[in-house]
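Participant: I would like the atomic coordinates for the input below:
(3 chains, ligands or ions: 5)
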Amino acid sequence: MVDNQAGGKRHVDAIVIGAGPAGLCGAIAIAESIGDGTKVLVVDEGIEPGGQLPKQTHKFFGHEGFYASVRGFEIGKRLVDKARELGINFLMQTTLAGIYEDSIVAYDRNSNSVSEYTADYILIATGASERFLLFKNNTLPGVYGAGAVQTLMNQYKVMPGKSFLIIGAGNIGLIVAYQLLQAGAKVKAIVEATSKIGGYMVHANKIMRLGIPILLNHTIISALGEDRVEGAIIAQVDGKFKPIPGTEKEIAVDTICLAVGLQPSVELVAQTGAEIKYISELGGYVPVRDENMKTTVNNVYVAGDLSGIEEASTAMIEGYIAGYNIAQKITGKDMSEKITNMKNELVEFRKGPFAAKVREGLKKMGISFPGGGYREEIQQMPSSLSRLKAVIECPQAIPCNPCETSCPTGAINTGGNINGVPQVDYEKCTGCGICVTKCPGLAIFLVQQREEHSIVGIPYEFLPVPEKGSSVKLLDKNGKYVADGQIDRVMINRKEKTHIAFLKVPKGMEGVVRHFEMSTVSEESQAYICRCEEVSRNDVEKLIDSGITDYEEIRRVLRIGMGPCGGKTCRSVVLQIISEKTGVPISESRLGAFRPPVIPLPIDAIVRYAKGVGTDE
Amino acid sequence: MGRLVEHPILDVKSSTSKTHVVFYFEGQPICALPSDTIASALIANGIDIFGFTEHNHARGFFCAIGKCSSCLVEVDGIPNVRSCITPVRDGINVRRQEGRGKPKW
Amino acid sequence: MSEVKGAYNVCIIGGGITGTALAYSLCNLGETSVAVFEKSYLSSGSTGRCGGGIRQQWSTKNNVRLAMRSVELFEHFKEDVGTDIEYYQGGYLMLSYDEEEAKQFEKNVEIQREEGLDVEILTPKQVSERYPYINTEDLVLATFCQKDGHANPHKAVIGYAQAARRMGARIYTHTEVLGIDVQNGKVVGVDTNQGYFKCDAVVNASGPWSKQVSQLVGVDLPTESYRHQIFVTEPLENFFPMMAISFAGNFYMRQAQHGQFIMGQGDKDEKPGINYNVTFKFEKELTVKMVKLFPFLRNLRIMRHWSGMYNMSPDAQPIIGQSNIVNNYFYAVGYSGHGFMVAPAVTEALAELIVLGKTTHTDISYLNVDRFANAEVEKEKNVV
Ligand SMILES: Cc1cc2nc3c(=O)[nH]c(=O)nc-3n(C[C@H](O)[C@H](O)[C@H](O)COP(=O)(O)OP(=O)(O)OC[C@H]3O[C@@H](n4cnc5c(N)ncnc54)[C@H](O)[C@@H]3O)c2cc1C
Ligand SMILES: Cc1cc2nc3c(=O)[nH]c(=O)nc-3n(C[C@H](O)[C@H](O)[C@H](O)COP(=O)(O)OP(=O)(O)OC[C@H]3O[C@@H](n4cnc5c(N)ncnc54)[C@H](O)[C@@H]3O)c2cc1C
Ligand code: SF4
Ligand code: SF4
Ligand code: FES
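Facilitator: Ligands and ions are numbered 1, 2, ... in the order given. The predicted structure is shown next:
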């Protein structure tokens, strides 16, 4: 362990900021290559290492080399175990508070102490933070970020509410909805302002078949309630995202969960002096970096969501690339083979349509990735299936292939590229159901036509697990009741926790029934932009109208971002308003300053450290 | 609101843990788990209003990871404590913060 | 030379407190053909980074007068300029921890009282009775002037800029002056990254860049810029009305209207040159010192830490006036860390000099750069 000697700076070969998939893989790559994990220090402010991973109870996409089909928290555990085996040091619940001219300063909130470091190389993998949304009463207790809901529910195992409205139908909104349902909460609806579901169809299907409406072209107007949320008003929006009068609807919920996107956490990279650029396709302000993940500062590398909002799989690969490059410099050994392998992985992952934005964004940094070259045709369900067979409903080209790699008979293929739409070879499929339990999209069903009725096997991850023989209501892919049915049997999978419930369904409904229900159980201008100082959208707009259009000027007049949060929630919102009002794209507006510390540093911790009297407890 | 006592995927044994930490919120004893933060313990006990702003608007948590400063409370008279990242400790006195914190000297 | 984009009687280089207040003062005198060029955003220089303190307790008669005139103008800022700049006369408490300095303080107070300033001398016991949250151990004496205070510098800049705009001045932000066109010993125009502007007079109000800008005219100014760091804590309820400052103790601190404590200190080891980085050493040194003197700070957290530049002159007093080498070149620079507080009076006088050819409210002739030609310069002692 790194002993926290009070008063003195500690030196490490490499400091890794952020223990998400990117940081962990970066640290592992460095430690493996230099053969000494103790020279690598990983700092993370979370309660456990893993970044987003420990909050995720679903299985991840990707391929098996990068833990596809493993649940997020389990991936986190495996990476952390590997890092620990290599002797890598972790400083948890510790915020890297600032990269100062003379020092790297960490604040450990458990012992309420600060410590100073120097490092030859810095790998910054601080991930992303959530975007905020403007609507009336958006600061009422009961309006929570999706990440907050996940943290509370999946890490602390505490439910922040009973019935939820979710704002945003990207992957995060869809997944949070699914996780809430698994935890026994009600989800009244997901509202989405655009005209299409941004997340993967397979994620959307998982919740649609449970009957959760996804309201496209809708937005939230206001949270209702005096001292906490008691409901919400939603409305339809027009092509310009303006609410259409007369379409307002009230929904009674106790919690509103915002899942409106992520933005890279660039504060620390900015403090190193590395160049930052606005590239909307990558999620906003991102560090400029080369294909080896090196920023414009020679010993500062980045990886993961910080360098562009993407996926855990690509975060891991970028972490490896950054790590091997750092190791190459530390050891002087040639690591080009490993680096090239990882770069090739990235090329494969980024070929698909969902990576189009990332490809566009990277092009603006002068890094090009090819698109295309994957299969898009969707296989039709065969008209006659007298034996149990897999039916795949995974209609989009997404970077995922556990279905292919898990099938013992090689019956599934994605057509050569990981993004290809999977197809089943019905000659080979034995109906064993392994792919059903492996598929992270829960998009594979088992179907058999029998004499008197048909059988549909459905992946099932809820409680309670239904009893054999119990009667159920059969639901279609939109969660609509279509007929009554019966549980034929349940294939329990204790390890993976994805069970298969086999339903008896009326003949001819094997292509329709996709879930079941157990019969027995059953005003925008007042929006606050800045939570700390209670500044409203109106205040900002008035100022812009008076001719003050520079973010830094607005910030100082209205004190936006000067509250205790340091602008983490409001900066992007203000930039958005400036851009709307002035017509100048955000990419051309000027990025404000990022001043340390990134978390308020207790004065008494600094004093104790400076005097060398150690920690609190 | 409250703790998860069963879950199809997660291990929720800790929710029924016998070891407890007791602290006070507005004078009332609150039973928490050793792994709780002040915020998670309060939410688990059905309390989600953590304070009021200068303009008397109710506030609770928002980000749960120490970034937004929505969840400020007073702990043993010291204001501006982020309840979402501050571990519970036996016997601490937590109060709702109203407006800006009061100095202590 | 780039395309001619406009012509103004007066071109001001710098959109800090000096540049914007001067634009306002010129318009007030009827001179509305004024342009301000700011290479970044308004108050991006020292002004937006400064402590916002406004005091009249100086060690020389001239400086006391200049400061008193400024305070008069600050007192009427809201009516005259039309913006609330959070101006608050909570007083300046000058703390002395050094016998010799204490004696000097007593002498200064005499000068200040002669100028009609109401200043108290307080014993350590009086200080601790009045301010129970200050540790008075090692304190020798303190002086206090209730009429001193502080304001929000950024709001002052924006206030002046908006008022000047209303009266007809043009303010060009993100416009950098790259060259100054001097012909036959006279400025005829300025060249910027947004084009060329003709002018009859140019004013150097470029703060940290005063030397470089002056070189564009071919005139040397004896200024150097040094980094000064400053940080702000999380807010508390307001209970600390005054600016507390000490020269021997090397610090200043105040509580802003929004409750945060803003504090800074000087660093003798600083090298000249523009540097906006911050050091952790500064946080360590300042917190250790301040917690001892103000124990309540122990429970606060540092929220933001930044740095700005002091544009220093050899005698730590501003350099203001008209060049006798290039006749229509004026300067208001080298404030040595107290340019915000004197800006209203300085720019009023400078505007008078430009428009009327002479000053009518405050004498600033003693601040002309020519003073450095004489061997003897009287150094202002009251600076952090
Ligand atoms: C709901 C949801 C579902 C997802 N599902 C999938 C999926 O199925 N498949 C997939 O491939 N991807 C998925 N992702 C995306 C994936 O989780 C992210 O792309 C990935 O976690 C990014 O990794 P990272 O290491 O860059 O950042 P993160 O995992 O966000 O880690 C960043 C870490 O940095 C730490 N940190 C930040 N600032 C500091 C600081 N100043 N000091 C100390 N520590 C700091 C944070 O505490 C955090 O632990 C999902 C994401 C979400 C939110
Ligand atoms: C930490 C700190 C604390 C301070 N505390 C106090 C205090 O409490 N009280 C007090 O009175 N003073 C204080 N000061 C000093 C005060 O900030 C300055 O003296 C004052 O702000 C100077 O104002 P200015 O307008 O002359 O210069 P600035 O505010 O620096 O403005 C100069 C402007 O010129 C622009 N510029 C420069 N070159 C060019 C060019 N070529 N083209 C276009 N634009 C250009 C710059 O971008 C800049 O915005 C402090 C200073 C610092 C750094
Ligand atoms: S059911 Fe079994 S055999 Fe058929 S595709 Fe799936 S894994 Fe392969
Ligand atoms: S069907 Fe295959 S490609 Fe589609 S989500 Fe499932 S495992 Fe991934
Ligand atoms: S909830 Fe955001 S800081 Fe605590």
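
Participant: okay, which residue is most central for the chain?
Facilitator: Going with chain A. Taking C-alpha atoms, centre = their mean as the criterion, residue A:172 is the residue nearest the geometric centre of chain A, at 5.7 Å.

Participant: meant chain C, my bad for not saying
Facilitator: Nearest residue to the geometric centre of chain C (C-alpha atoms, centre = their mean): residue C:339, 1.6 Å.

Participant: List the residues that contact that residue.
Facilitator: By C-beta atoms under 8 Å, 6 or more residues apart in numbering or on different chains, the contact list for residue C:339 reads C:16-18, C:46-47, C:50, C:207, C:311, C:318, C:346. For every residue, glycine as well, the C-beta is placed using N, CA and C.

Participant: coming back round to it: now do the same contact list for the residue nearest to the centre of chain A.
Facilitator: Applying C-beta under 8 Å, 6+ apart, the residues near residue A:172 are A:146, A:199, A:259, A:261-262.

Participant: So it: helix, strand or coil?
Facilitator: helix (DSSP: H, G, I helix; E, B strand; the rest coil).

Participant: okay, the contacts of residue A:172 in JSON lines with distance to ligand 4, pLDDT and neighbour count next?
Facilitator: Shown next, in JSON lines, are the contacts of residue A:172 (distance: C-beta to the nearest ligand atom, whole Å; pLDDT from 0 to 100; neighbours: other C-beta atoms under 10 Å in any protein chain shown):
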{"residue": "A:146", "distance to ligand 4": "21", "pLDDT": "97", "neighbour count": "26"}
{"residue": "A:199", "distance to ligand 4": "12", "pLDDT": "96", "neighbour count": "21"}
{"residue": "A:259", "distance to ligand 4": "20", "pLDDT": "97", "neighbour count": "28"}
{"residue": "A:261", "distance to ligand 4": "23", "pLDDT": "94", "neighbour count": "20"}
{"residue": "A:262", "distance to ligand 4": "22", "pLDDT": "94", "neighbour count": "20"}
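
Participant: Can you tell me the closest non-neighbouring residue to residue C:310?
Facilitator: residue C:337 (4.3 Å; C-beta to C-beta, 6 or more residues apart in numbering or on different chains).

Participant: Now do stretch A:370-382: everything it contacts.
Facilitator: A:347, A:350-353, A:355-356, A:359, A:389, A:391-392, A:395, A:397, A:414-424, A:426, A:447, A:511.

Participant: Flag every buried residue along it.
Facilitator: A:374-375, A:379 (16 or more other C-beta atoms under 10 Å in any protein chain shown).

Participant: so which strand or helix has residue 22?
Facilitator: No chain specified, so I'll use chain A. Per DSSP states H and E: residue A:22 is located in helix A:21-34.

Participant: oops, I was thinking of chain C
Facilitator: Using DSSP H and E, residue C:22 falls within helix C:17-28.

Participant: and the following helix or strand past that helix, does that touch ligand 2?
Facilitator: Counting by DSSP H and E, the next helix or strand C-terminal to helix C:17-28 is strand C:34-37. Yes. Using C-beta under 6 Å from any ligand atom, strand C:34-37 reaches ligand 2 at residue C:37.

Participant: Tell me if strand C:34-37 is near chain A.
Facilitator: No. Judged by C-beta under 8 Å from any C-beta of the partner chain, strand C:34-37 and chain A are separated, with a smallest distance of 13.3 Å.

Participant: buried ones in that strand?
Facilitator: Applying 16+ other C-beta under 10 Å to strand C:34-37 flags C:34-37 as buried.

Participant: and which of those residues is nearest to chain B?
Facilitator: Set against chain B, the nearest of the buried residues of strand C:34-37 by C-beta to the nearest C-beta is residue C:36 (35.6 Å).

Participant: right, and the closest one touches residue C:170 too?
Facilitator: Yes. Using C-beta atoms under 8 Å, residue C:36 is in contact with residue C:170, at 7.3 Å.

Participant: then stretch C:108-124 to PDB, C-alphas only?
Facilitator: Provided in PDB are the C-alpha atoms of stretch C:108-124 (Å, rounded to 0.1, in the frame of the first residue of the first chain):
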ATOM      1  CA  ASN C 108      -0.400  57.000   8.700                       C
ATOM      2  CA  VAL C 109      -3.600  57.500  10.800                       C
ATOM      3  CA  GLU C 110      -2.400  61.100  11.400                       C
ATOM      4  CA  ILE C 111      -2.100  61.700   7.700                       C
ATOM      5  CA  GLN C 112      -5.400  60.100   7.100                       C
ATOM      6  CA  ARG C 113      -7.200  62.100   9.800                       C
ATOM      7  CA  GLU C 114      -5.700  65.300   8.400                       C
ATOM      8  CA  GLU C 115      -7.400  64.500   5.100                       C
ATOM      9  CA  GLY C 116     -10.700  64.100   7.000                       C
ATOM     10  CA  LEU C 117     -10.800  60.300   7.100                       C
ATOM     11  CA  ASP C 118     -12.500  58.800  10.200                       C
ATOM     12  CA  VAL C 119     -10.000  56.100  11.400                       C
ATOM     13  CA  GLU C 120      -9.900  54.300  14.700                       C
ATOM     14  CA  ILE C 121      -6.900  52.800  16.400                       C
ATOM     15  CA  LEU C 122      -7.800  49.600  18.300                       C
ATOM     16  CA  THR C 123      -6.000  47.700  21.000                       C
ATOM     17  CA  PRO C 124      -5.900  43.900  20.800                       C
END
